[in-house]
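Enquirer: Please work out how this folds:
(2 chains)
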Amino acid sequence: MVSLLRFAGAVTSFAIIASPLVAQRSSPAVYAITNARLVPVSAPAIERGTLVVRNGLIVALGASVAVPADARVIDGTGLTVYPGFIDAYGTLGMPSPAPAAAGAAAGGRGGGGAPGAAPSAPNSTQASGLQPEVAVVNELGPEAGAFSAANAAGFTTAMTGIGNGVFRGSSAIINLDGTNVSELIVRNDMAQQLAFSRGGGRGGGGGGFPGSLFGVFAAIRQELLDAQRYREVSAAYAKNPKGMVRPAYDPSLAALQPVLARQQILVMAANSQREIERALDLAKEFNLRVMIAGGSEAYKVADRLKADNVPVLLAINFPRRTTAPAADAEPEAIRVLRERVEAPKGPAVLQAAGVTYAFHSGGAFTDFLANVRRAVTAGLSQEQALRAMTTVPAQLFGVADRVGALEPGRIANLTITKGDLFAAGTTVSQLFVDGHPVTVAQAAAAPAAAGGRGGGRGGPPGELQGEWNARLAFDGAEHDVTFTFRQENAVLAGVLEGSFGSAELLDGTIAPDGTFRFAAFLMHHDGPERAQFSGVWRDGVLTGDLAVPGHGASRFTGSQGH
Amino acid sequence: MATIHEGLMTKSALLVAMVACAAVLPAQAPATLIRNATVLTVTKGTLPATDVLLQDGKIAAIGKNLTTPSGAMVIDGTGKFLMPGIIDPHSHMMSDATNEGSLSVTSMVRIADVLNPTAPNIYRALAGGTTMLNILHGSANTIGGQNAVVKLKWGRPAQAMLVPGAMPGIKFALGENVTRKNSNTVIVQGQAQAPRRFPTSRMGQEVVLRDAFTRARDYQATWADYRARLAKKEAGLIAPRRDLELEPLVEVLEGKRYVHAHSYRADEMLMLLNLADEFGFKVKTLQHGLEGYKIASEIAKHGAGLSTFADSWGYKIEAYDAIAYNVAILMRHGVVTTINSDDDGRARRLNIDAAKMMRYGGLTEDEALRIITYNGAIQLGLQDRVGSIEVGKEADVVLWNAHPLSVYASPDYTIIDGEVFFSKESDQKMRTARATERAELEKAEPNQAPSGRGGAGGRGGAGAPTATPAGGVR
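Expert: Numbers count the residues shown, from 1 in each chain, chains lettered A, B, ... in the order given. Got it, this is the predicted structure:
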């Protein structure tokens, strides 16, 4: 796959050299959207105007703009045109997990399988999961339909990164239409990404240091210290190599230099209040330029985020009850009930505190627009909400001169809705990405949206229903649990029972290719902990990872009960 | 109480953000006068019908008929018992990680990196009179991680709970918990077998220690050499690599970090004490030490303390020789001995464990109290600051409704640095407030099941109890 991609990349680069002005497609494309409501975000809305797209760029917009003779005219009556929305954090376009073969040995890099293939960093001297030199640009490979769910939510652009490891390497800003790196990349080497769990394929359950949360902190700290010393030694050698033993080249430590020098942003995944506080402490310890990604409890740390001047890439993926409680279920923890009520108020709290924030979908594309409206109902202004998915991320990512607003000269990324975005039930009717119309799979949402995905994998394996016995390898011990699943289209619900108590499955989704995600609160010795399960159902077996804040990455496997 | 503390939390969070995170000043609580209580000072005997004034986070005065400073809160202690806050020398509470079990030496990991200040067990321990914890790494490997000493300031950020100036410590572990890692025969379908990790025997554990401290000595020498050259202003010097694994071990060698060593059998404890003598460091405490009574004189001679269970034994092979008289025998041999919980539930009733030691071995009341207060302070190097009721000490005190060595006793107030962090009265109010809040929340839209499938209604508004005060329960 990788070599094929590289080959494709090489061919496309050649094409670019041959005709430098047409970066994306060969056919010239001129479009005029007339009679539409235009919302540039960076300027006041134009109630009835024309927007002209030529060769991938916006060339004109206004109430009295002439339609060029060579334009294909789209009658925009009743339509509203926004700048294409930016999904500020995620793994869009990354290859989906390889089928996790049961019994596969963990190999050098641990865990095997599950979200995202292991990025290649063959020459690293660092422990598995600590390779900042990996880069999304070397791994990117969208499957057919990989962007359709994101497109349906209005996203034309995203920051995408590798989904596993502690140091996750360089992310990129991509446009969400195209099949290869050459077409997709808007800005490469965007940010270094970090998470406080190794996650999935790079040494999850498989073992090795670091295998715990404090191990992860120690490993990060040592690697940053080593990188500081590497800088010092390399500088001394560069100044005068005579008589000095040549410092050993280290690709991992070299890759951290822009981060140490505050030239490259470090995006740190952190959700709970304490995860965010720890991330901020670490940033302070090493004087790093950081952003927090996820931030589900960022509103509880708003003052500190403001004081430290740290922006948040905020997941607009609010929790809510998805199923009725089982008749004999314990009452839910008050913390869980509170979080569901408080979370939608979070963006308004951040706004009031003066924290800079951009939205991301958290992978919940189907509910994205509904969740944005929930944030607005909970006190955020529509303008603020709109900026958080257009101009603000564009500025944060240093691409405000290219995307994020309707202005002449910018990339023609457009999100077009029938009616106002903030009216209940409004859906995205059409996108332009790089000046090309992208048809949006119509609303019935999740199942349809996910439809294109994994079509080549032999179709859906049916519905995930009934009792499944599973074993979780968690905190160094094995735990047996029973899942009772109920699948309705793309929604996965049910309960988990076993050594962690009884818990409802939350925010569950399943794609036709059998990949699924859900969360559940596990009763742990210090109270309920939210565990995020992600995995795949294939050949009658469930395999995947679970991530619990504060605990090392863990794996689970399951088979149908009787 | 809930609202008071939430308000305080915001303020102190701001404080932490503004002041550098490392040095958090104790919050200034209003003065509190506890009137007419039986004061169990632990170090200076029992004082009947005595007043204790808490001011600026310290114990300001002890005596009869003290004057009430203006603005002071007065608590009537008539018929009640005031004792120092309980110190639990071995806990894993409020830690988001317990073991870094991948390697045999994980001195680089720090409990302080992963504290969870919102763990409900903090509040429950307060309700049992516990005010200070020594939070330790687990016992999966020979040299574990760095400890954290905290005061249970429920509602505050983790940084505000860390005890400033507390001597840093590190966990070591000997015996079966270390070797057990290697006898793991559970092979899960689809999972790789856990790789075998050296050592698999007690002999191997000694080798791990010897190797680690030998490396630490070399590392210490490397830095000493560098510093000497630096002092001579030698040109072109580059500092040696900082090694987070060896740094804490150098601190142990230099007496700047306490060793808290999980150990059960007499032979392994002796091995460690001998090895420590050889490398020139002290073992501050032997943790568990169920066979400590067999080598009480040797432990006393080394100067180590010992922290054990009151009456837990037989739960694994190395725990077979435990006896209930362990504490008393060690105390009589001059070993600074404590009882610890090693468990979030037991941390709520350490007073009962202490009382058992009067039955087994005939400890006096003061001695029984000492093993959950003052001796713990010694084991953490904080005996000049906490562990007894003396003027000038930090105001960590508990007012009990009965003598704390009685099964009928439970705390009415738990006070840290002069601030009330638990009281039965506010706990009752909080329960009512919680029940109301829960009822409201359950009605809220995001807590309803979609498409009218039942919903959350009818599931009883009464909130789950927020705490189980210790004592009088069973």
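
Enquirer: Taking the stretch 251-400 of chain B, what residue is nearest to chain A?
Expert: Nearest residue of the stretch 251-400 of chain B to chain A: residue B:344, at 6.1 Å (CB to the nearest CB). C-beta here means a position set from N, CA and C on the backbone, and glycine is covered the same way.

Enquirer: Next, count neighbours for that residue.
Expert: When counting by other CB atoms under 10 Å in any protein chain shown, one arrives at 20 neighbours for residue B:344.

Enquirer: Can you tell me the closest non-neighbouring residue to it?
Expert: Spatial nearest neighbour of residue B:344, chain neighbours left out: residue B:121 (4.1 Å); criterion: CB to CB, 6 or more residues apart in numbering or on different chains.

Enquirer: wait, isn't the one you found in contact with residue B:343?
Expert: No: using CB atoms under 8 Å, residue B:121 makes no contact with residue B:343, being 9.8 Å away.

Enquirer: roughly how far apart are residue A:145 and residue A:533?
Expert: 23 Å (CB to CB, to the nearest Å).

Enquirer: Please, where are all the helices along the stretch 351-500 of chain A?
Expert: Taking DSSP state H, counting those that start in this stretch, the helices of the stretch 351-500 of chain A run over residues A:368-377, A:382-387, A:391-396, A:446-451.

Enquirer: swap in chain B?
Expert: Along chain B, counting by DSSP state H, helices occupy B:2-18, B:120-126, B:158-161, B:176-180, B:202-231, B:247-253, B:266-279, B:296-302, B:326-332, B:350-359, B:365-370, B:374-379, B:424-443.

Enquirer: Quick one: closest of these to residue A:125.
Expert: Closest of the helices of chain B to residue A:125 is helix B:202-231, at 19.0 Å (criterion: CB to CB).

Enquirer: Mind checking the pLDDT average for that closest one?
Expert: Averaging pLDDT along helix B:202-231 gives 98.

Enquirer: same thing with stretch A:434-444?
Expert: The average pLDDT within stretch A:434-444 is 81.

Enquirer: sorry, back to before: for residue B:402, find the nearest of the helices of the stretch 351-500 of chain A.
Expert: helix A:368-377 (51.9 Å).

Enquirer: How about the contacts made by residue 130?
Expert: No chain was given, so I picked chain A. By CB atoms under 8 Å, 6 or more residues apart in numbering or on different chains, the contact set of residue A:130 is A:124, A:165-167, A:219-220, A:223, A:252.

Enquirer: sorry, should have said chain B
Expert: B:85-88, B:152, B:341, B:347-348, B:350, B:414.

Enquirer: what's the farthest-apart pair in those residues?
Expert: B:341 and B:414 (15.7 Å).

Enquirer: With neighbour numbers in mind, choose between those two.
Expert: residue B:414 (29 against 25).

Enquirer: okay, that one: pLDDT?
Expert: Residue B:414 is given a pLDDT of 98.

Enquirer: wait, doesn't it sit right on residue B:126?
Expert: Yes: assessed by CB under 8 Å, residue B:414 is found in contact with residue B:126 at 4.7 Å.

Enquirer: Now do the shared contacts for the two.
Expert: Common contacts of residue B:414 and residue B:126 (CB under 8 Å, 6+ apart): B:421-422.

Enquirer: Stretch B:104-111 and chain A, are they touching?
Expert: Yes: judged by CB under 8 Å from any CB of the partner chain, stretch B:104-111 and chain A are in contact via B:106, B:108-111.

Enquirer: Present those residues as TSV; the columns should include pLDDT, neighbour count and distance to residue B:359.
Expert: Shown next, in TSV, are these (pLDDT from 0 to 100; neighbours: other CB atoms under 10 Å in any protein chain shown; distance: CB to CB, whole Å):
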residue	pLDDT	neighbour count	distance to residue B:359
B:106	97	29	39
B:108	98	25	43
B:109	98	32	39
B:110	98	22	39
B:111	98	28	34
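
Enquirer: Check these against residue B:320 and report the nearest one.
Expert: Nearest member of these to residue B:320, counting by CB to CB, is residue B:106, at 28.8 Å.

Enquirer: which residues touch the closest one?
Expert: A:209, A:215, A:218, B:100, B:137, B:141, B:143-145, B:245.

Enquirer: Run a quick neighbour tally on the residue of the stretch 1-150 of chain B found nearest chain A.
Expert: As assessed by CB to the nearest CB, chain A sits closest to residue B:96 within the stretch 1-150 of chain B, at 2.9 Å. Per other CB under 10 Å, the neighbour tally for residue B:96 reads 25.

Enquirer: same check, this time on residue A:469
Expert: That count, for residue A:469 with other CB under 10 Å as the rule, works out to 16.

Enquirer: again, but for residue A:193
Expert: Residue A:193 - counted by other CB under 10 Å - has 29 other residues nearby.

Enquirer: same thing with residue B:266?
Expert: Residues near residue B:266, counting by other CB under 10 Å, number 19.

Enquirer: And residue A:560, how far from residue A:540?
Expert: From residue A:560 to residue A:540 the distance is 6 Å (CB to CB).

Enquirer: Residue A:88 too?
Expert: For residue A:88 relative to residue A:540 (CB to CB), the value is 38 Å.

Enquirer: what about the two, which has more around it?
Expert: Remark: of residue A:88 and residue A:540, residue A:88 carries more neighbours, 31 against 11, as counted by other CB under 10 Å.

Enquirer: The more buried one contacts residue A:396, doesn't it?
Expert: Yes: Residue A:88 is in contact with residue A:396 according to CB under 8 Å; the separation is 7.4 Å.

Enquirer: any residues in contact with both of the two?
Expert: Common neighbours of residue A:88 and residue A:396 (criterion: CB under 8 Å, 6+ apart): A:313, A:358.

Enquirer: Most neighbours of all the contacts of residue B:130, which one?
Expert: Neighbour max across the contacts of residue B:130 (other CB under 10 Å) = residue B:86, 33 neighbours.

Enquirer: tally of neighbours for residue 139?
Expert: Just so you know, I chose chain A. Count around residue A:139 with other CB under 10 Å applied: 25.

Enquirer: Chain B, not that one
Expert: By the criterion of other CB under 10 Å, residue B:139 has 27 neighbours.

Enquirer: for the helices of the stretch 351-500 of chain A, which one ends up most surrounded?
Expert: helix A:391-396 (a mean of 23; mean count of other CB atoms under 10 Å in any protein chain shown).

Enquirer: next one: that helix to chain centre, how far?
Expert: With CA atoms, centre = their mean, to the nearest Å as the basis, helix A:391-396 stands 16 Å off its chain's centre.
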